[in-house]
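K.L.:
pasting the structure only:
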């Protein structure tokens, strides 16, 4: 008799040299009936790292584990599976190689489902395992299009709810909780992440409003929308940042975060008054845990800079300024330098805002602006 996936998963954990939560996971397995929710629970309780838990679970199905947010996802693979189907079966195409599409799914051992996907994509399927939560958010990001965003904004514009943009603060706050408005803002953020934008500019003009993305240092206009939606959209952003939605005469700064799969996407927000209404700029920071570590040797620095830099970071005191425009590699340089000097003989503590890469052996502290 074939063992269940949860039994195989627990047996694999029992083989680990220093795993102290076997009893807890066994109880969890009974509660979650041995399905993939067990893996998510183990990750949420921090009994195992996400990669280890997913890899061990994938092994029970003789499948590989792929993190959709660390994998290449091509437009060709996305086009092979319609969005309605992808959402229904909780699967997303990753890439096509040698006439075979690799598909991330939570049940890669479901041969009937794999066969159906192959019929839809009209090509052979190589199934891999991914967490359902990550698949759902990857679908939300990679199926988000400029056209879809325009249609969502068009539906809002036709709604009578937004016919009175100059309403009082309390009514504006209630309007900002409108599900359709929340969905539109989520789509804007997802589309920006898909386009690898670093900034989102939401601006009021004389006759309309516009949204621009900064991609690779260059600003480009994405779409325009009706002025009657502008105040409600900015109010929604302010609510996420715990800013004063009634205040539009002075600049305000804040931040918010949102779950994307099992990671956290961080955003920094600035608002400023202008002649035609407030402007908001949303800075998209790195997803917590998403960035990969580069060593200084792989940073492609010239030797005339690298050698003096290595000597400087070994000094017992002093200060180093790392400056440059968005996307120039400031964060990567700093983490690479910390990685270089990170040994058991050196005590390293950091103050960061936000913590973008977890460094083993380093005490990393997140800035808490609410404490005074």
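P.N.:
Received, thanks. Since the model is a prediction, treat every value here as computed from it, not as a measurement.

K.L.:
for the spatially closest residue to residue 366 that is not a sequence neighbour, phi and psi?
P.N.:
Counting by Cβ to Cβ, 6 or more residues apart in numbering, residue 355 is the residue found nearest to residue 366 once chain neighbours are left out, at 5.4 Å. C-beta: built from backbone N, CA, C; applies to glycine. Summarising the backbone geometry of residue 355 under the convention degrees, to the nearest 10, its torsions are phi -80, psi 110.

K.L.:
remind me which residues of this protein are low pLDDT?
P.N.:
Scanning the chain for pLDDT under 70 picks out the ranges 1-2, 161-172, 286-293, 369-372.

K.L.:
50 instead?
P.N.:
Low-confidence segments of the chain, defined by pLDDT under 50, span residues 1.

K.L.:
all strands for the stretch 251-372 of the chain, in order.
P.N.:
Ranges of strands within the stretch 251-372 of the chain are 252-260, 263-272, 279-284, 349-352, 363-366, based on DSSP state E, counting those that start in this stretch.

K.L.:
between the ones you listed, which one is closest to residue 191.
P.N.:
Evaluated with Cβ to Cβ, these place strand 279-284 nearest to residue 191, the distance being 11.3 Å.

K.L.:
got a list of contacts for that closest one?
P.N.:
If you take Cβ atoms under 8 Å, 6 or more residues apart in numbering as the criterion, strand 279-284 is touched by 189, 192-193, 197-204, 234, 237, 265, 267-273.

K.L.:
just give the closest residue to residue 342, not the sequence neighbours.
P.N.:
residue 361 (5.5 Å).

K.L.:
just give me the neighbour total for the one you found.
P.N.:
The burial metric for residue 361, expressed as a neighbour count using other Cβ atoms under 10 Å, is 12.

K.L.:
does it touch residue 350 like I think?
P.N.:
No. Under the criterion of Cβ atoms under 8 Å, residue 361 lies out of contact with residue 350, with a separation of 11.7 Å.

K.L.:
about what we covered before: out of the contacts of strand 279-284, which end up buried?
P.N.:
Of all the contacts of strand 279-284 considered here, the ones buried according to neighbour count by 16 or more other Cβ atoms under 10 Å are 189, 192-193, 197-204, 234, 237, 265, 267-271.

K.L.:
skipping adjacent residues, who's closest to residue 226 in space?
P.N.:
Of all residues beyond its chain neighbours, the one nearest residue 226 is residue 157 (4.5 Å), with distances taken as Cβ to Cβ, 6+ apart.

K.L.:
what's the helix or strand harbouring that neighbour packed up against?
P.N.:
When secondary structure is defined using DSSP states H and E, the element that contains residue 157 is helix 146-158. With contacts defined as 3 or more Cβ pairs under 8 Å, 6 or more residues apart in numbering; DSSP states H and E, the packing partners of helix 146-158 are helix 179-194, strand 218-225.

K.L.:
can you tell me which of the ones you listed is packed in deepest?
P.N.:
With neighbours taken as mean count of other Cβ atoms under 10 Å, those reach their highest mean count in helix 179-194, at a mean of 18.

K.L.:
how far does that one sit from the chain's center?
P.N.:
When C-alpha coordinates are averaged (Cα atoms, centre = their mean, to the nearest Å), helix 179-194 and its chain have centres 13 Å apart.

K.L.:
in its sheet, what does the next helix or strand after that helix sit against?
P.N.:
Sequence-wise, the next helix or strand downstream of helix 179-194 (DSSP H and E) is strand 199-204. Applying DSSP bridges to the sheet, strand 199-204 is found paired with strand 209-215 (antiparallel), strand 279-284 (antiparallel).

K.L.:
a markdown table for those, including mean neighbour count and distance to residue 366?
P.N.:
Putting those into a markdown table (neighbours: other Cβ atoms under 10 Å; distance: least, Cβ to Cβ, whole Å) gives the following:
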| stretch | mean neighbour count | distance to residue 366 |
| --- | --- | --- |
| strand 209-215 | 19 | 26 |
| strand 279-284 | 19 | 17 |
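
K.L.:
between those, which one is closest to residue 78.
P.N.:
Each of the strands paired with strand 199-204 has some distance to residue 78 by Cβ to Cβ; the shortest is strand 209-215, at 18.8 Å.

K.L.:
thanks again, I'm all set now.
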